[in-house]
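> predicted coordinates and the sequence they were generated for:
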Amino acid sequence: MTDLAEGIDWTGTSEDMVREVLAQGEAFLQAQFQSALAADQRATTLASILVTISVAVFAGALAVWESVPDDALYAVSTIAAVLLLAAASAAWAARPIDFWYPGMRPEQWYDGRNEKLVDMLGGASEDVQFRIDENETLMGGNQTAIRISFVLAILSPIIGFIVWRAL
């Protein structure tokens, strides 16, 4: 694997090849961006659903407060709290973050406008790879948060049952 911190020697590489490398990198970055947007939408939807269910469960517990044994109320309240934690984890996955978008600003090319085009396109390709790597790191962290959310949501009734049996 090439060490991008050192830069790549694009000498002898055809312009067509460098353009293709850049085009493929831009296409990947665009697909990555669309995938991240879809993941944010899923996380936002999950967070809103889990908050709604949590509030409904807690409101139901309050509605029957006087007619249900305390241990059952604690268990149901625990379920609501765990669902709320799951919602918070999903919301964390959908939080606004700095993300590298496809394309470049024209000003990024100004200083090198008199350089060899192959070198400039090669440098742009290296920049796109850097962006892809940074985005993957961010997306991986958000993926972990959404997994935690799903696990908590799935375990919430089990945790509530354990609380009920423990009391």
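Received it, and whenever you're ready, just let me know what you need.
> isn't residue 22 right next to residue 121, touching?
Yes - here residue 22 reaches residue 121: they are 5.4 Å apart, a contact under CB atoms under 8 Å. For every residue, glycine as well, the C-beta is placed using N, CA and C.
> who's in contact with residue 91?
43, 44, 47 (CB atoms under 8 Å, 6 or more residues apart in numbering).
> please identify the helix or strand for the last one.
Think residue 47. Under the criterion of DSSP states H and E, residue 47 resides in helix 15-63.
> not counting sequence-adjacent ones, nearest residue to residue 72?
Counting by CB to CB, 6 or more residues apart in numbering, residue 72 lies nearest to residue 164, which is 6.3 Å off, once chain neighbours are set aside.
> by contact count, what packs against the helix or strand containing the one you found?
If you go by DSSP H and E, residue 164 is part of helix 117-166. Contact analysis of helix 117-166 by 3 or more CB pairs under 8 Å, 6 or more residues apart in numbering; DSSP states H and E lists helix 15-63, helix 70-93, helix 107-110 as its packing neighbours.
> I'd like the ones you listed as a markdown table, with distance to residue 144 and mean pLDDT appended.
What follows is the helices and strands packed on helix 117-166, written out as a markdown table (distance: least, CB to CB, whole Å; pLDDT from 0 to 100):
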| stretch | distance to residue 144 | mean pLDDT |
| --- | --- | --- |
| helix 15-63 | 12 | 96 |
| helix 70-93 | 8 | 96 |
| helix 107-110 | 32 | 90 |
